[in-house]
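Asker: Quick one, fold the following:
(4 chains)
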Protein chains: 2
Amino acid sequence: MRSKKDYMEQHKVKEMVERIGIVCDKDGMPPLAGRMVGFFMLAEPPHKTFDELAEFLQASKSAISTTLRFLEGQGMVEYITFPGDRKRYFRLSVDSWDKVVMGKMDFLKMMHARVSEALQARSNDYPEFNMGLKAMMCLYEIFLEGLPKMIDLWQKKVQDLKDEQ
Amino acid sequence: MRSKKDYMEQHKVKEMVERIGIVCDKDGMPPLAGRMVGFFMLAEPPHKTFDELAEFLQASKSAISTTLRFLEGQGMVEYITFPGDRKRYFRLSVDSWDKVVMGKMDFLKMMHARVSEALQARSNDYPEFNMGLKAMMCLYEIFLEGLPKMIDLWQKKVQDLKDEQ
DNA sequence: TTTTTAGTTCTGCAATAAAAGAACCAAAAA
DNA sequence: TTTTTGGTTCTTTTATTGCAGAACTAAAAA
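Answerer: Modelled structure (predicted):
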């Protein structure tokens, strides 16, 4: 007996990887990046070499390299090394999702700035519409304030989860 | 004197429309959709006809039609009509941004489901990594709970804003 | 009834993005 | 020193997207 729960069969894995890939796709990720995330979520052990990635994902070295660097940039992937082993072992950077969220905040900040400018450029001839834009800014402000709070809450909860183990 | 604040000159408007367009682009919107949002933010009056959109944005009727329907689908654009006038007047749907946010929540729900499945598919051989996935799910749960709360808060604040006018 | 208006839908092309392949490079091994 | 390993970078090919143009439609106007 390998362990309490046996690792699922290969073709089921491929199926799930595709499904995860599609969801990531919808968030604007390139297809291979989505699949790679999917593979990392299911991979056992959770760290994989460059070549293992290329083989499982059936993709070229260049595509793997580019995609790894893309995901690294987003804070979603990192690598570890082992003494006396030249290879890098890549894996999902499971506890730096806050970095990913912070990245999304940059967009909120930009949008907020643009709406603010738009409002300043407008006349007072259409106060009701202007109020709508103010409301929009208000929503961005609430998010910009709320997201870091949610991250804090998350970190506490994660700590609790780890403690109770 | 037209009003307290005069409406800005045309070429400044075009400049700002492009800038807003770029930010929208970064959120994954097609270029014309981003520009259209920009134009709607600055337009006076804030409602524009199909032809006015086509002319200002220098785009074909088909592109305008497609883009309008895309933005309508997202809950970002709506149209009004006037008695005895066949035309539709399109405008930014400024107070249904909650719908846009709810749309983003669908993605969070999907991702949460996929991670949950992944976790169930995994063995117990790598508990630390599994814990990382649990933490990830936890983050999604916090967002799924927090976003509606933020929307509520927003609606209250918007009411206050309107009242104090 | 025919014509015009206000759009929509379908087809095809141009621009962009994703991935492949080959050339390349630095560190380690032989 | 040469070769192999573990990648990266540059160029080319392929797939996808975004938009234009023309054909179309339903309602209103003439």
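Asker: Setting aside sequence neighbours, what's the nearest residue to A:E72?
Answerer: Nearest non-adjacent residue to A:E72, counting by CB to CB, 6 or more residues apart in numbering or on different chains: A:E78, 6.9 Å away. Using the backbone N, CA and C atoms, a C-beta is placed for each residue, glycine as well.
Asker: Run the angle between the helix or strand hosting A:K157 and helix B:127-163 for me.
Answerer: Applying DSSP states H and E as the criterion places A:K157 in helix A:127-163. Between helix A:127-163 and helix B:127-163, the angle comes out at 150 degrees (axes from the mean of the first three to the mean of the last three CA atoms, to 10 degrees).
Asker: Need the three-state assignment for the residue in chain A sticking out farthest from the centre.
Answerer: Distance from the centre of chain A peaks at A:D125, with 43.0 Å (CA atoms, centre = their mean). Counting by DSSP: H, G, I helix; E, B strand; the rest coil, the backbone at A:D125 sits in coil.
Asker: element containing whichever residue of chain A sits closest to DNA strand C, please.
Answerer: Here chain A gets closest to DNA strand C at one residue, A:S62, 2.8 Å apart by CB to the nearest atom of the strand. A:S62 belongs to helix A:61-73 when elements are defined using DSSP H and E.
Asker: Test my guess that A:M41 contacts A:L92.
Answerer: Yes - contact criterion CB atoms under 8 Å: A:M41 and A:L92 qualify, at 6.5 Å.
Asker: For the residue of chain A closest to DNA strand C, grab the count of nearby residues.
Answerer: Using other CB atoms under 10 Å in any protein chain shown, A:S62 has 9 neighbouring residues.
Asker: Show me the domain layout of chain A.
Answerer: A:10-92, A:97-163 (automatic domain parsing).
Asker: What is the end-to-end distance of the shortest one?
Answerer: Across its full length, domain A:97-163 reaches 20 Å between end residues, using CA to CA, to the nearest Å.
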